[in-house]
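K.L.:
structure for this input, please:
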Amino acid sequence: MLMPLIDIPFSVIHLYQKPISLRVGEQRLIELCRTELNREPDIDELFLFYNRKRDTLKLFWLTGTGTQEISKMLPRGGFLLPAPQSGHTFVRIERSKLNSLFRSCRIAVP
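P.N.:
Next comes the predicted model:
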């Protein structure tokens, strides 16, 4: 399971709905959260980004002393991710669905 590795009690998980280059650094990810998601990153929020091929996911969050990132790459296929509601640039994901994404090679998140 993923969440026992991360000992921060996340209350909100946001999935950004546009592919990005996952080579970007901490400052660019914070900027995306602020400008595209209209969210000021907070310690209890987790942000999920993906690349164009949808074969790599990146988790990004703030800690009390900086930021953390975890990436998951699939050797074949890609992640099936939920679509946003009309007019939204992100989707909120439940914790249990996030665990499923990181355990499975291909999963649909409703």
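K.L.:
what mean pLDDT does whatever helix or strand Gln68 lives in get?
P.N.:
Secondary structure assignment for Gln68, by DSSP states H and E: strand 67-73. On average, the pLDDT along strand 67-73 is 85.
K.L.:
go on, stretch 39-48?
P.N.:
pLDDT averaged over stretch 39-48 gives 85.
K.L.:
list the buried residues in it.
P.N.:
Neighbour counts over stretch 39-48 (16 or more other Cβ atoms under 10 Å) mark Arg39, Pro41, Glu45, Leu46, Phe47, Leu48 as buried. Placement of C-beta: from N, CA and C, glycine included.
K.L.:
the nearest residue to the last one once chain neighbours are set aside: what secondary structure?
P.N.:
Counting by Cβ to Cβ, 6 or more residues apart in numbering, Leu48 lies nearest to Leu15, which is 4.6 Å off, once chain neighbours are set aside. Under DSSP: H, G, I helix; E, B strand; the rest coil, Leu15 falls in the strand class.
K.L.:
and Leu15, how many neighbours?
P.N.:
24 (other Cβ atoms under 10 Å).
K.L.:
for this structure, which segments count as helices?
P.N.:
Assigned by DSSP state H, the helices in the chain fall at 26-35, 95-103.
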